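J.: Sequence plus the predicted model coming up.
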Amino acid sequence: MHAAIAVAHPNVALVKYWGKRDRVLNLPAVGSISVTLAGLSTVTRVCFDGTLERDEVIVEGLPGGEAGARVAAFLDLVRGMAGVDAHARVESRNDFPTGAGLASSASAFAALALAATRAAGLKLSRRELSILARRGSGSAARSVFGGFVEWHRGERGDGLDAFAEQLLPEDAWPLVVLVAVTSQMPKPVGSTEGMELSRLTSPFWPAWVESAPAMLAAMREAIAARDLARVGELAEHSCLAMHAVAMSARPGLVYWNAATVAAMHAVRELRRAGVEAYFTVDAGPQVKVLAAPGDAGRVREVLGAVPGVERVIDSGPGPEARLYDEARLGRT
Ligand code: PMV
């Protein structure tokens, strides 16, 4: 039996990934930039065991259902790379709501890629790990790294240039990211389906793809300069542009609820009052707000008072995916 445990964190996209250029290899139509989130974690244990007749996937203590098939397909990739035949038992836990726009698939597949490859006896480079994690979920390619991260669109058909890399380490810029949770329900349309619908039916799709390189270049510069106003303005723009594409699909995709919109307005109201706070929203109803550490208290208070905001989670730039020492956890 060969086991490994890994921990990884979700990330929030500052320049959004929305749309694929290849569905099988999970290659993005546009590059993206994110910040990995401290505190929120997925912990995943993988154990290859020759006595198992099939892969066993336990998520939050329960059999993985649909997620189980996705994990098994991912394990097939790892088995192919490592020349391993055995099935595996996978146990995974999150300490945040699953499937509601907190990018749980990002931390899930980053942790799974690291734990499964180590359990199968492979030691991949970070770039190789990012390329592998991408196959499970696009945004997982970014959660392999800590801090500020860019995932390259790449040009190649085999996806070997569609990896993520770090732009700035997590301790290089002390920002806060406050997550306003407005619903814990799973989202009605998953990101893969939403992206395909957007690509195939939104009249804004070509403009979205064409505008991506300039957005990425501007964000790269703003992050290098640690310019919160610029990063925030670009992040809001990319968020609203992505949602405009999704909303203009047929049928239109509306990932927001009333509290999402109210929180967005509250953030802009804060700015009018002189507080540097900026929102972004992924394919779900939660609002993530970027701010300077000195303003965190005020922003948290305002977000917490928005009707429909259930709770506000404190985060900031967090670390890369990493292995847990099995012995320290007292498991064998
Ligand atoms: O990684 P996926 O397939 O769950 O897609 C994530 C898409 C967004 O969260 C909406 C944007 C992003 O860049 O993370």
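T.: That came through, no problem. Residues are numbered from 1 along each chain as shown.

J.: can you list contacts of stretch 260-279?
T.: Contacting residues not belonging to stretch 260-279 are listed as 180, 182, 228-229, 231-233, 235-236, 239, 281, 285-292, 295, 298-299, 302-303, 306-309 [C-beta atoms under 8 Å, 6 or more residues apart in numbering]. Quick note: C-beta positions are derived from backbone N, CA and C, even for glycine.

J.: Next up, the contacts around Ala88.
T.: If a contact means C-beta under 8 Å, 6+ apart, then Ala88 has Val46, Cys47, Phe48, Asp49, Leu52, Asp55, Glu56, Leu75, Ala116, Ala119 as its contacts.

J.: so where's the stretch 151-300 of the chain shaky on pLDDT?
T.: Across the stretch 151-300 of the chain, not a single residue meets the criterion (pLDDT under 70).

J.: Mind putting the contacts of Ala88 into a markdown table with distance to Phe163?
T.: Written out in a markdown table, the entries for these read as follows (distance: C-beta to C-beta, whole Å):
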| residue | distance to Phe163 |
| --- | --- |
| Val46 | 22 |
| Cys47 | 27 |
| Phe48 | 25 |
| Asp49 | 31 |
| Leu52 | 31 |
| Asp55 | 26 |
| Glu56 | 30 |
| Leu75 | 21 |
| Ala116 | 18 |
| Ala119 | 22 |
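
J.: In strands, which of these fall?
T.: Val46, Cys47, Phe48, Asp49, Glu56 (DSSP state E).

J.: So what pairs up with the second one in the strands?
T.: The residues listed as beta-bridge partners of Cys47 by DSSP bridges are Ala3, Arg89.

J.: Can you classify the residue lying closest to Val149 once chain neighbours are set aside as helix, strand or coil?
T.: Excluding its sequence neighbours, the residue lying closest to Val149 (C-beta to C-beta, 6 or more residues apart in numbering) is Arg142, at 4.5 Å. Under the three-state scheme (DSSP: H, G, I helix; E, B strand; the rest coil), the conformation of Arg142 reads as helix.

J.: Do I have it right that Arg142 meets Asn11?
T.: Yes: counting by C-beta atoms under 8 Å, Arg142 does reach Asn11; the two are 5.0 Å apart.

J.: who touches both of the two?
T.: If you check Arg142 and Asn11 against C-beta under 8 Å, 6+ apart, the residues they both contact are Ser34, Thr36, Ala106, Val149.

J.: Contacts only, for the first one.
T.: Right, Ser34. For Ser34, the residues meeting the contact criterion (C-beta under 8 Å, 6+ apart) are Asn11, Val12, Ala13, Leu14, Val15, Ser139, Arg142, Phe148, Val149, Trp151.

J.: cool, and the second one?
T.: Taking C-beta under 8 Å, 6+ apart, we find Thr36 in contact with 9-11, 142-143, 145-147, 149, 170, 317-320.

J.: Just the ones of the residues you listed in strands?
T.: For the contacts of Thr36, the ones inside strands are Asn11, Val149, with DSSP E as the criterion.

J.: For the contacts of Thr36, pick the one with the most neighbours.
T.: In terms of neighbours by other C-beta atoms under 10 Å, the contacts of Thr36 top out with Asn11 at 35 neighbours.
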